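Engineer: Sequence first, predicted coordinates after that:
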Amino acid sequence: MIRHISFNEIDFDKWDKLVSSSQNGEIFCFSWYLSNFCEWDAIVLDNYSGAIALPTKSRFGFRTVFQPAFIQKCIWFGKEANQNDIESLLKKNYSRIHFNTNLPFLRFKQRDNFVLPLSLNEDELRSNFQSALRRNLRHEKSLQVKKGHINSVYQCYKDQYGHLDNAINEQEFKALEDLMKQHPDVIESLEVYNKDEHLASLLYLSNKQHKRIHYIMGAPTQNGRKQNAMAKAHLHVMKLHLESDWVFDFEGSSIPSVAKFYQKFGSLNEPFFEIEENTGLLFSLVHWTYKRFKRS
């Protein structure tokens, strides 16, 4: 039996055991991670043999599913279920659905996500780099990667990308800070320097149960961009897990220039799906009116 359940009905012990035991489980699926960033409901199969988390919020008085910051996607994990049943439950309980998942249903767009298995040794890893990246890393020994502070990451990010419409805001970043205080072993902050000059700040998320490292946030300074500081930091993290079954997840990107950079590492595309659909006629009308007035 498959059913929709609200947050206060979820058995968190059973939920987290399912995440841990599922081959395709991800750190974003754990209840403690989800609850730090959003309110959420769930669709559950039988006695927690399969499930998907649904981040929720109210908009214009309607219940909606959305994609919070720092949660790359909300996947179905565990035993497979009938996608038509999942789709029916979503339509029944929510007026708008806009989130990332591993299920290609409703109205969806495929989004690129580049990953790099770390099973090789360092020489083999570097041999798979594109020649442009190998050339750019020739002077990497002049750069030092050090442990940093989470606040310096946000400041560097805000300086470089704060003007963008979809930039991470302070409230969203505060939730990440809270997670780091509660679970300091899952987030690592790094900074790149050339002598005393700060070149980049980055954050990585470590999922030890499923052996996956996620690059979740970062930015170079203008000089850091010229000196390939981001590539230096990524390589530093990769080298810590070489010759293992760990995977480095770049967390994107469908932006052509960013995708091109990630592909220089010899990465593989592991796409997911962005679902966007209004399921209620009244919500569709309200949403259309809001967007029209916003443009005017």
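Structural biologist: Great, that's in hand.

Engineer: Confirm for me that residue 48 is in contact with residue 16.
Structural biologist: No. Using Cβ atoms under 8 Å as the test, residue 48 is too far from residue 16 to be in contact (9.7 Å). (C-beta placed from N, C-alpha, C; glycine too.)

Engineer: Can you report how many residues lie near residue 10?
Structural biologist: 20 (other Cβ atoms under 10 Å).

Engineer: show me the contacts for it.
Structural biologist: 31, 42, 44 (Cβ atoms under 8 Å, 6 or more residues apart in numbering).

Engineer: ok, now residue 70?
Structural biologist: 37, 172, 175, 176, 179, 216, 217.

Engineer: Show the backbone phi and psi for it.
Structural biologist: phi 70, psi 10 (degrees, to the nearest 10).

Engineer: Use 17 as the first number for this chain going forward.
Structural biologist: All set: I'll call the first residue 17, so the last point we hit is now residue 86.

Engineer: on that earlier part again, specify which member of the contacts of residue 26 is nearest to residue 203.
Structural biologist: Nearest to residue 203 among the contacts of residue 26 is residue 47, at 17.5 Å by Cβ to Cβ.

Engineer: how many other residues sit next to that closest one?
Structural biologist: That count, for residue 47 with other Cβ under 10 Å as the rule, works out to 18.

Engineer: For residue 194, see how far away the closest residue to it other than its chain neighbours is.
Structural biologist: Counting by Cβ to Cβ, 6 or more residues apart in numbering, residue 47 lies nearest to residue 28, which is 4.6 Å off, once chain neighbours are set aside. To residue 194, residue 28 is 18 Å away according to Cβ to Cβ, to the nearest Å.

Engineer: do residue 233 as well
Structural biologist: Taken as Cβ to Cβ, the span from residue 233 to residue 194 is 15 Å.

Engineer: my guess is residue 102 meets residue 18, correct?
Structural biologist: Yes. Here residue 102 lies in contact with residue 18, judged by Cβ under 8 Å, at a distance of 7.2 Å.

Engineer: For these two, work out which one has more neighbours and name it.
Structural biologist: Ranked by neighbour count (other Cβ under 10 Å), residue 102 and residue 18 place residue 102 first, with 21 against 16.

Engineer: contacting residues around the more buried one?
Structural biologist: 18, 59, 68, 92, 119, 121.

Engineer: partners of the first one in the sheet?
Structural biologist: It refers to residue 18. Counting by DSSP bridges, residue 18 forms beta bridges with residue 61.

Engineer: cool, and the third one?
Structural biologist: Applying DSSP bridges to residue 68 gives these bridge partners: residue 59.

Engineer: and the contacts of residue 86 as CSV, adding pLDDT, secondary structure and neighbour count?
Structural biologist: Converted to CSV, these look like this (pLDDT from 0 to 100; DSSP: H, G, I helix; E, B strand; the rest coil; neighbours: other Cβ atoms under 10 Å):
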residue, pLDDT, secondary structure, neighbour count
53, 98, helix, 18
188, 96, helix, 14
191, 96, helix, 14
192, 96, helix, 22
195, 96, helix, 20
232, 97, strand, 19
233, 96, strand, 24
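
Engineer: want to try JSON lines for those, with distance to residue 206 as columns?
Structural biologist: JSON lines is the format used below for the contacts of residue 86 (distance: Cβ to Cβ, whole Å):
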{"residue": "53", "distance to residue 206": "22"}
{"residue": "188", "distance to residue 206": "20"}
{"residue": "191", "distance to residue 206": "20"}
{"residue": "192", "distance to residue 206": "15"}
{"residue": "195", "distance to residue 206": "17"}
{"residue": "232", "distance to residue 206": "12"}
{"residue": "233", "distance to residue 206": "11"}
